[in-house]
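Enquirer: Kindly generate the corresponding structure for this input.
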Amino acid sequence: MRKTILAVVALTILIAATPVSAQLFGTWAGIGYGNCHPPGTTIYPWQTWEGKVYVPETGDIPVFEGKWKDADGNLGKFKGKMVPSPIPEERHFKGYWTWETMAGIAKGGEFHMVFYFLEGECTGTWTSIWPSSSIVGTMKGKKVD
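Expert: Got it, this is the predicted structure:
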């Protein structure tokens with residue numbers, strides 16, 4: 001428990017640094033590769049995506065949240081929180097992604113995005129609860145504002 005508290009305090013102090021905040025917070029967009037096969041169809045999560053890194057009013061840990069869509073009209077959302085990073089020039093976010101269908105919203109899997117905020121670039125991976133010919137999908141993007 002003590003290690004967790006120390007990690008959160010260290011993360012909060014690190015986030016408070018103005019240059020980091022200015023370069024990390026804002027809108028990011030990109031593309032993704034891979035597919036998965038929910039029953040009866042194939043979707044391409046993260047094929048095009050856009051998300052925002054921000055600190056929610058109800059907390060002090062940054063969030064990465066947004067939407068994805070594919071060329072076949074499938075779409076979904078994603079949301080993750082910042083986790084400690086072993087490298088000062090990187091910010092890591094882990095969370096989940098969903099797929100929106102006529103029947104409702106399904107949690108499709110998890111993701112891990114790494115932001116190289118000094119370069120304005122990010123890369124990541126996603127996994128799925130459904131079978132996938134790509135096993136692990138990938139994403140890449142850039143800061144757009």
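Enquirer: Okay, helices next: where are they in the chain?
Expert: Under the criterion DSSP state H, the chain contains helices at 2-15, 18-24.
Enquirer: so where's this protein shaky on pLDDT?
Expert: Counting by pLDDT under 70, the low-confidence segments of the chain come to 1-21.
Enquirer: Give me the most central residue, this protein.
Expert: Residue closest to the mean C-alpha point of the chain, counted by C-alpha atoms, centre = their mean, is Met113 at 4.9 Å.
Enquirer: OK, contacts around that residue?
Expert: Shown in contact with Met113 (C-beta atoms under 8 Å, 6 or more residues apart in numbering): 64, 80, 92-94, 122-124, 139. C-betas here are computed from N, CA, C, even on glycine.
Enquirer: Pairing partners for the lengthiest strand in the chain, with directions?
Expert: Counting residues, the longest strand found in the chain (DSSP state E) is strand 104-116. Using DSSP bridges, strand 104-116 pairs in its sheet with strand 91-101 (antiparallel), strand 121-126 (antiparallel).
Enquirer: List the buried residues in the longest one.
Expert: By 16 or more other C-beta atoms under 10 Å, the buried positions in strand 91-101 come out as 91-93, 95-99.
Enquirer: Alright, that wraps it up for me.
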